[in-house]
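J.: Generate a structure from the sequence data that follows.
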Amino acid sequence: MFETVLARISAAAIAVVLVVPAACGSNPPEKRTDGFDQGRFDTAIRRLNGLARDVMNRDHIPGLAVAVVHGDDMVFAQGYGVREQGKSAEVNADTVFQIASMSKSIGATVVATQVTAGKLSWDDPVTRFLPNFALADPYVTAHATVGDFYAHRTGLPAAAGDDLEELGFDRSYILDHLQFLPLGPFREVYGYANFGTTAGAASAAVAAGTDWETLSQNAIYQPLGMNSTSSRTADFLAHRNRAVLHAKTPGGFAPLYQRNPDTQSPAGGVSSNVKDLARWMSMVLGDGKFGGKTIISPGALLPAVSAQITNRPAAAPGELPGFYGYGFNVDPQPTGTTEISHSGAFFVGGATRVAMLPALGVGIVVLTNAAPVGAAEALASQFLDVVQTGDTSRDWIDYFGKVFAPLYEPAGDLVGKTRPTIAAPPDPFTSYVGTYSNPYFGDLVVDVQNGRLHAAMGPTGN
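T.: Numbers count the residues shown, from 1 in each chain. Take a look at the predicted model:
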């Protein structure tokens, strides 16, 4: 997903802990609102249609939807392009997309509802709710909190557990086997891990006495009237008006795959449309209130949207660093305000972005049905540039295109290496036959089938 992608291409690997106390009874400071300029905002809205079409044309995105809120008001919601390449059904503001890692921000607000209700706190150890859960270090096992897992600061390596998901293991198996992964320094290193987030979410579900998917529906989707939103893939597939994923191929984007992220649903399994997400943005920008009703207390929400760890150290003097809260990126802006955001991506064909300026009460969400090339990030950045300064500060399409380009280049230790001219012949196939066990991956079964070596791993033996 996008944050894992940025970690892969970032030159910096070490993060510094900046922990904001999660004192849920405290009152957040007054927001500065003097930076909002109605004229600039109106200009940004007028330009948004053209900016969206420019992004689609230059990045060749099949379909895209965007919505903008200012406070409680959804002031823009529109779709562009088609739901599936080669077919005529168009994307509109009601089209449902898989939002990938944007799910982490949604999930953080689900947890915050339970903090509000007193069912748990961000500072509760996960083992309070998952007594059999363990990591490689007994001290970290005992002390890692719900907030630590949502801030990716437990020491788990980036993408921990994703390989087990790809092999077909279920959520329970994966969470149980994270204990076999070596840890980095506790609360010192940022390691973006879907199943770390999932562990934190599972704790909230236990505290609430239900499963995560039902908790999300009851705590956030239903109260906000997000009637097209779900944390189950089956619900997404049941929508007639849904966007199809498009993978990046040498010939352009093509609808090749379907992604079922239910195993890591709290981290990447939400599906929604821009109208529903506009309601959610208004709630976040309203310090947890929507339609005059308190969904989340300000004190429970504040730690999630506050800097908890550095996830993007400054690469040069004068460059602004980036931070991560509990399920949100928290980034200071050159204008003096702060942006809270998250991107999401499936390499099999989807990319999304939500970005909000709480001090200005402005938020934008961009959903696309194409593999990540920076289109969603570019559109959001262009719009918020105009909101803050009256114009775009750079060619964001070109900028993000260069950021994402390395993801599609060959990778691995053998790239660029010369193939050996003399290689030893293999041993007889029968010498490799057997069962090879690993505490993390389980068993690898090797046998000979039709004169060829065959290896099987995972719960289905594929």
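J.: how far does stretch 161-179 sit from the chain's center?
T.: Relative to its parent chain, stretch 161-179 has a centroid offset of 18 Å by C-alpha atoms, centre = their mean, to the nearest Å.
J.: cool, and stretch 86-95?
T.: Here stretch 86-95 is found 24 Å from its chain centre; the criterion is C-alpha atoms, centre = their mean.
J.: now what about it, what contacts it?
T.: Contact with stretch 86-95 is made by 63-65, 67, 77-83, 228, 241-243, 255, 273-275, 367, 369, as judged by C-beta atoms under 8 Å, 6 or more residues apart in numbering. Every residue, glycine included, has its C-beta placed from N, CA and C.
J.: Could you give me the PyMOL syntax to select whichever of the residues you listed are buried?
T.: Those of the contacts of stretch 86-95 that count as buried under 16 or more other C-beta atoms under 10 Å are selected in PyMOL with:
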select buried, resi 63+64+65+67+77+78+79+80+81+82+83+228+242+243+255+273+274+275+367+369
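J.: Sketch out the low-pLDDT regions of this protein for me.
T.: Residues of the chain that meet the criterion pLDDT under 70 lie in 1-34.
J.: Surely residue 390 and residue 40 touch.
T.: Yes - counting by C-beta atoms under 8 Å, residue 40 is a contact partner of residue 390 at 4.9 Å.
J.: In terms of neighbours, single out the busier of those two.
T.: More neighbours surround residue 40 than the other of residue 390 and residue 40, with 18 against 12 (other C-beta atoms under 10 Å).
J.: quick one: residue 77 is in a strand?
T.: Yes - counting by DSSP: H, G, I helix; E, B strand; the rest coil, residue 77 is located in a strand.
J.: what's it in contact with, if anything?
T.: Going by C-beta under 8 Å, 6+ apart, residue 77 touches 65, 66, 67, 68, 93, 274, 275, 278.
J.: ditto for residue 43
T.: 386, 390.
J.: In a helix, it, correct?
T.: Yes - if the criterion is three-state DSSP, then residue 43 is within a helix.
J.: From residue 53, how far out is it?
T.: Per C-beta to C-beta, to the nearest Å, residue 43 is found 17 Å from residue 53.
J.: One more: residue 42?
T.: Per C-beta to C-beta, residue 42 is found 19 Å from residue 53.
J.: where along the stretch 351-462 of the chain do the strands fall?
T.: 362-368, 434-438, 442-449, 452-456 (DSSP state E, counting those that start in this stretch).
J.: and the gap between the residue nearest the centre of the chain and residue 301?
T.: Centroid-nearest residue in the chain, with C-alpha atoms, centre = their mean: residue 101, separated by 1.9 Å. Separation of residue 101 from residue 301 (C-beta to C-beta): 19 Å.
J.: returning to what we had before: among the contacts of stretch 86-95, name the ones in strands.
T.: Using DSSP state E, the members of the contacts of stretch 86-95 that fall within strands are 63, 64, 65, 67, 77, 78, 79, 80, 81, 367.
J.: OK, contacts around the closest residue to the last one other than its chain neighbours?
T.: Leaving out its chain neighbours, the residue that sits closest to residue 367 by C-beta to C-beta, 6 or more residues apart in numbering is residue 97, at 4.1 Å. For residue 97, the contact set (C-beta under 8 Å, 6+ apart) comprises 65, 242, 243, 271, 272, 273, 350, 352, 367, 368, 369.
J.: Go over the secondary structure and confirm residue 97 is in a strand.
T.: Yes - the assignment for residue 97 (three-state DSSP) places it in a strand.
J.: Show me the beta-bridge partners of it.
T.: residue 272 (DSSP bridges).
J.: can I assume residue 309 is in contact with residue 323?
T.: Yes - between residue 309 and residue 323 there is a contact under C-beta under 8 Å: 6.7 Å.
J.: Compare neighbour counts for these two and give me the winner.
T.: residue 323 (25 against 22).
J.: how far is the strand or helix carrying residue 216 from where the chain is centred?
T.: Secondary structure assignment for residue 216, by DSSP states H and E: helix 212-216. Put simply, helix 212-216 sits 17 Å off its chain's centre (C-alpha atoms, centre = their mean).
J.: Check which helices and strands that helix sits against.
T.: helix 103-116, helix 194-208, helix 265-268 (3 or more C-beta pairs under 8 Å, 6 or more residues apart in numbering; DSSP states H and E).
J.: can you rerun that using 6 Å?
T.: When contacts are defined as 3 or more C-beta pairs under 6 Å, 6 or more residues apart in numbering; DSSP states H and E, helix 212-216 packs onto helix 194-208.
J.: what's the span of stretch 121-134 from first residue to last?
T.: Distance between the two ends of stretch 121-134: 20 Å, counting by C-alpha to C-alpha, to the nearest Å.
J.: let's have the chain start at 7 instead
T.: Sounds good: first residue 7 from here, last item stretch 127-140.
J.: contacts for that stretch?
T.: With C-beta atoms under 6 Å, 6 or more residues apart in numbering as the test, stretch 127-140 has contacts from 28, 121, 147, 150-153, 185, 205, 209, 212-213, 309.
J.: can you pick the most crowded of those residues?
T.: Within the contacts of stretch 127-140, neighbour counts (other C-beta under 10 Å) peak at residue 205, which reaches 30 neighbours.
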